[in-house]
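Enquirer: mind folding the following:
(4 chains)
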Protein chains: 2
Amino acid sequence: MSKPPTLEPRRTLTLRDVSEASGVSEMTVSRVLRNRGDVSDSTRERVQEAARRLGYVPNKIAGALASQRVNLVAVIIPSLSNMVFPEVMTGISDTLEDTGLQPVVGVTNYSPDREESVLYEMLSWRPSGVIIAGLEHTDAARAMLAQAGIPIVEIMDIDGTPVDSAVGISHRRAGRQMAEAIIAAGYRNIAFLGTMMPHDHRARKRLEGFEDALAKAGLSLVDREFYSGGSALLKGREMTEAVLTRSPQVDFLYYSNDMIGAGGLLYCLHKGLDVPGQIGLAGFNGVELLDGLPRKLATMDACRLEIGRVAAEIIAGKHSSGTIGGEVIELFPTLQKGDTIRG
Amino acid sequence: MSKPPTLEPRRTLTLRDVSEASGVSEMTVSRVLRNRGDVSDSTRERVQEAARRLGYVPNKIAGALASQRVNLVAVIIPSLSNMVFPEVMTGISDTLEDTGLQPVVGVTNYSPDREESVLYEMLSWRPSGVIIAGLEHTDAARAMLAQAGIPIVEIMDIDGTPVDSAVGISHRRAGRQMAEAIIAAGYRNIAFLGTMMPHDHRARKRLEGFEDALAKAGLSLVDREFYSGGSALLKGREMTEAVLTRSPQVDFLYYSNDMIGAGGLLYCLHKGLDVPGQIGLAGFNGVELLDGLPRKLATMDACRLEIGRVAAEIIAGKHSSGTIGGEVIELFPTLQKGDTIRG
DNA sequence: ACGCATGCTGTTACCGCTAACATATCGCAG
DNA sequence: CTGCGATATGTTAGCGGTAACAGCATGCGT
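Expert: Numbering: from 1, shown residues only, chains lettered A, B, ... in the order given. Sure, this is the predicted structure:
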C-alpha cells in the first residue's frame, strides 16, 4: 500500500486541530460543526473549509459523554433472515430518518439469554430508546429495561404486560380469526404445521388462539407437525407431504408462517390436488413473496411496516397520543383469503 | 405506570454509586467489572453483589473515551431485504462472537450519498474496523476510509481497487463462467433479465462478463429486460412472460438473481414449457430458497457466509495471512447446474 | 535482617467534547 | 454619553470512566 498523496493520517484529528487550522477556539469550531449558537458567516466558512480540508470526523463518544445525549435507538430483534423483521426495520428507519435518531440493530436468534446480553451491551451505550421484539424477557432483562430511564417499546405482540409501551397485534386473536374463517368455509379436518422453536412465543400464541376457536366449534386439530432450521420453503414441502401421507383425511393446512405455507402450496399444486376445493391452506405474515406464487396463499398481514413506524414515533416522542409512556397500541391485521380458502 | 417495588431509578448509576455501596474505590470497581488486574476474591464478590443489586450498567461511552478502545465494527451494506446480506451478517456475527467485537449495521439502500453519510456517522463512533459492501464509493467516502486509521474490508466484489483489504468473488468471472456453461450446453438465443438499479455494480459486472463470453463465442443477447422495486418473485414472472412473448425464439433466460429466476421458473413450469430442454434458466446467489422449488434453478453461490467470516477475521486480526492490511482475497463460487440447464 | 517481587488498592491526570457562564464589541434608545 | 440588549467568541469545569503510577502489606530467597 503506497501512502496516500495528501496528508498522512498520523493520528486521529480533534477539535483542536481544526481550531488551530482556522484560528478560532475549539468551542467555536464545535458550534459551527453542530450548527448551534451564533457564529459569524466569515468564521463559519473558515472553519468549515478547514474541517473539510483536514478530513475531520467528530468524535461522538466524547460529544455524547459531554452532552449526555446519544442519538441512537437500540432495536433488538430475533432474526434478520425471515423477511418479517427487515420490514419492521424499514418502518423504523423511515420514521427515524428526519429526527436525528439512528437505529442500531441487535440480533438474538430467539435466545432469551442472548437477548439479555445484547440488551446489556446496547444499554451500556446509553441509547435514547429501546425497541425490542416480544413481551417475554428474562427477569434481568426486564429489570434493565425498567431501570433504564428511557422510552421502551415492545413490538409485534400485545398479549401480555409490557414494561413501558407496546405496539403490535394480538396473535391469539389472529389465530382465532383464521380458525373461524376456516371453519366458516366448511373445513373440518384441520392440521397445523409450524416451527418448533420453544421461544417463538408469537407462533405459539397464534396456535393457542387457533385451537381455542376450534374447540369452541367442537373441533380439534387432527394432526400437527413441527420443524426447525433449514430452508423454510423446503420444510413446508416436506412437512406437508408427511402430514398428508399420515393423515389423508386432512382438508386444511394451517401454517405458522407464509414461507412454509408457500412450500406446502407448491407441493399440493405439484401433486395436482384441488386447492382450495379438496384442501385449503393458510399461512401468516402477508409476505410480499406470495404475490409471485401461482396461486395466492391465504394469510394475515402482521402490520410490520406500521409496527416499525409507530414504535419509532413513540421513541421520537412524536406519536399522536399525548400520554407519556405506558401505552399499548393494538394494530389489527386483515385476513386475506387469497385463492386457498374456498368461498 | 406504578413505580417498581425496589429502588426508584432516579438517575443513572455510575461507578461511584457502586463504589460507595461496596466501600472500595471506583478504580477497584472498574477492575472487577472488567475482570482486569488483581482483585481479592472477597472484594470482587462484594463489588459484584453491589453492582448486581443496584442494577448497574457500565457506561461504555465514558469507558471508550478513556481507554481509546471501542469494541464496535461498522458493517455497511446496501439492503437487508434480499437474503444475501443477512447471510453475510451471520458469517460476521459468528466470527466476531468470541472476540469481544460487536457488529453494528448501517443500510444504504444502494445510494452512494446515503452510504457516505452512514459511513460518516459510524466513523464518528470510532469503530475498530469497517466492513463495507462493494468497491465503488464517493470520493469523500473513500477519503474517510483511507484516513480512518483502522482496518477496512470491502466485501462481495474484487473487480476493482480496494482502499485496504477486500474479500469477495469476481462477478465478471462469474458472469463469464455462467455464459460458457450455457453455450456449452448448446443454448444460443439468450436473454438477460435483471435489476435496473444503476448502483448495483455487482449485477452490472456479472452482465459485462456474461456478454464478454457471449461475444467471444460470436453471440450476443437476443433480448433484455430490467425491473426495479416490487416483489422479486412476481417481477420475475412478469418479466419472463414479457420476454417470451416479445422474443419467442429465446431458449435461455439468465437472471441477475435467484429470486426473479425462481419467479421465471414457476412461470415456465406453469406454462408447461419443457425445462431445460426447450428453455433453460439460471440465476445467481445460491439462496436456500431454491431448495424448495419444484425444480432446482441453476445458480452460482456468492460465498456469502464465507465472505462474512473472512472479513470479520481480518478485522479481528486473526486471519491466517501474516500481512498487515491491504490484501485481496478472492473466493471462488461454484456453478450449480441444478435442473434447469441441460446436459 | 534485607531486598525485592507480588498482590491488592488508591490517586491523579487525562480522553475529546459541550453546557454554562464570562467577556468583548457594537448599535442604538434614552 | 450612558446603559443595555444582541451578537460573537472565549474560558472553565466537568461528563464517567481508565491508564499509569504510587502506596503498602506480605512472603520469600539469601
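
Enquirer: quick check: residues of chain A near DNA strand C?
Expert: Residues of chain A lying near DNA strand C by CB under 7 Å from any atom of the strand: A:12, A:14-16, A:26-27, A:30, A:33-34, A:36, A:58-59, A:62-63, A:65-67, A:69. (Each C-beta comes from the backbone N, C-alpha and C, glycine too.)

Enquirer: the residues you listed in helices, which ones?
Expert: Among the residues of chain A next to DNA strand C, the members falling in helices (DSSP state H) are A:15, A:16, A:26, A:27, A:30, A:33, A:34, A:62, A:63, A:65, A:66, A:67.

Enquirer: which residue packs closest to the fifth one, ignoring adjacent ones?
Expert: On the basis of CB to CB, 6 or more residues apart in numbering or on different chains, the spatially nearest residue to residue A:30 that is not a chain neighbour turns out to be residue A:15, at 6.0 Å.

Enquirer: spit out the contact partners of that neighbour.
Expert: A:26, A:29, A:30, A:58 (CB atoms under 8 Å, 6 or more residues apart in numbering or on different chains).

Enquirer: out of the ones in helices among the residues of chain A next to DNA strand C, which touch DNA strand D?
Expert: Restricting those to contacts with DNA strand D (CB under 7 Å from any atom of the strand) yields A:26, A:27, A:62, A:65, A:66.

Enquirer: and the residue nearest to residue A:30, what pLDDT?
Expert: Per-residue confidence for residue A:15 comes out at a pLDDT of 95.

Enquirer: gap between it and DNA strand D?
Expert: Using CB to the nearest atom of the strand, to the nearest Å, residue A:15 is found at 11 Å from DNA strand D.

Enquirer: repeat for residue A:304
Expert: For residue A:304, the distance to DNA strand D - CB to the nearest atom of the strand - is 36 Å.

Enquirer: show me what contacts that residue?
Expert: Contacts for residue A:304 (CB under 8 Å, 6+ apart) come out as A:84, A:85, A:87, A:88, A:91, A:285.

Enquirer: which non-adjacent residue is nearest it?
Expert: Leaving out its chain neighbours, the residue that sits closest to residue A:304 by CB to CB, 6+ apart is residue A:87, at 4.2 Å.

Enquirer: tell me the contacts of the most centrally placed residue in chain A?
Expert: Central residue of chain A (CA atoms, centre = their mean): residue A:85, 3.5 Å from the mean position. Applying CB under 8 Å, 6+ apart to residue A:85 gives the contacts A:77, A:78, A:79, A:133, A:304.

Enquirer: got a PyMOL select line for the buried ones in those?
Expert: This is the PyMOL syntax for the buried subset of the contacts of residue A:85, where burial follows 16 or more other CB atoms under 10 Å in any protein chain shown:
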select buried, chain A and resi 77+78+79+133+304
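
Enquirer: which ones among the contacts of residue A:85 are found in strands?
Expert: Those of the contacts of residue A:85 mapping onto strands are A:77, A:133, per DSSP state E.

Enquirer: quick check, nearest of the contacts of residue A:85 to residue B:53?
Expert: Comparing the contacts of residue A:85 against residue B:53 with CB to CB places residue A:133 closest, at 28.6 Å.

Enquirer: how about the closest one: what's its closest non-neighbour residue?
Expert: residue A:77 (4.8 Å).

Enquirer: my read: the one you found touches residue A:122, true?
Expert: No: between residue A:77 and residue A:122 there is no contact under CB atoms under 8 Å: 11.9 Å.

Enquirer: report the contact partners of the residue of chain A most remote from its centre.
Expert: No residue in chain A sits farther from the centre than residue A:23, which is 48.2 Å out by CA atoms, centre = their mean. Residue A:23 makes contacts with residue A:46, as judged by CB under 8 Å, 6+ apart.

Enquirer: repeat for residue A:74
Expert: For residue A:74, the contact set (CB under 8 Å, 6+ apart) comprises A:104, A:106, A:119, A:122, A:123, A:125, A:127, A:129, A:130, A:131, A:132.

Enquirer: okay, those in JSON lines with secondary structure and neighbour count next?
Expert: As requested, the contacts of residue A:74 are exported to JSON lines (DSSP: H, G, I helix; E, B strand; the rest coil; neighbours: other CB atoms under 10 Å in any protein chain shown):
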{"residue": "A:104", "secondary structure": "strand", "neighbour count": "20"}
{"residue": "A:106", "secondary structure": "strand", "neighbour count": "21"}
{"residue": "A:119", "secondary structure": "helix", "neighbour count": "25"}
{"residue": "A:122", "secondary structure": "helix", "neighbour count": "26"}
{"residue": "A:123", "secondary structure": "helix", "neighbour count": "22"}
{"residue": "A:125", "secondary structure": "coil", "neighbour count": "22"}
{"residue": "A:127", "secondary structure": "coil", "neighbour count": "23"}
{"residue": "A:129", "secondary structure": "strand", "neighbour count": "25"}
{"residue": "A:130", "secondary structure": "strand", "neighbour count": "25"}
{"residue": "A:131", "secondary structure": "strand", "neighbour count": "29"}
{"residue": "A:132", "secondary structure": "strand", "neighbour count": "26"}
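
Enquirer: so which of these would count as near chain B as well?
Expert: Among those, the ones lying near chain B by CB under 8 Å from any CB of the partner chain are A:104, A:123, A:125.

Enquirer: nearest to DNA strand C, of the residues you listed?
Expert: Here the nearest of these to DNA strand C, counting by CB to the nearest atom of the strand, is residue A:125; it sits at 15.0 Å.

Enquirer: wouldn't that closest one be in contact with residue B:58 here?
Expert: No: at 10.1 Å, residue A:125 does not count as touching residue B:58 under the criterion of CB under 8 Å.

Enquirer: check what pLDDT the residue in the stretch 151-300 of chain A that DNA strand D sits nearest to gets.
Expert: For the stretch 151-300 of chain A, the residue closest to DNA strand D is residue A:151, as judged by CB to the nearest atom of the strand, at 19.0 Å. On pLDDT, residue A:151 comes in at 96.

Enquirer: what sits against it?
Expert: Residue A:151 makes contact with A:128, A:129, A:130, A:164, A:165, A:314, A:315, A:317, A:325, according to CB under 8 Å, 6+ apart.

Enquirer: for residue A:241, what are its contacts?
Expert: Residues near residue A:241 by CB under 8 Å, 6+ apart: residue A:267.

Enquirer: right, and residue A:293 touches residue A:263 too?
Expert: No: with contact defined as CB under 8 Å, residue A:293 does not reach residue A:263; the gap is 10.4 Å.

Enquirer: those two: who's more crowded?
Expert: residue A:263 (28 against 23; other CB atoms under 10 Å in any protein chain shown).
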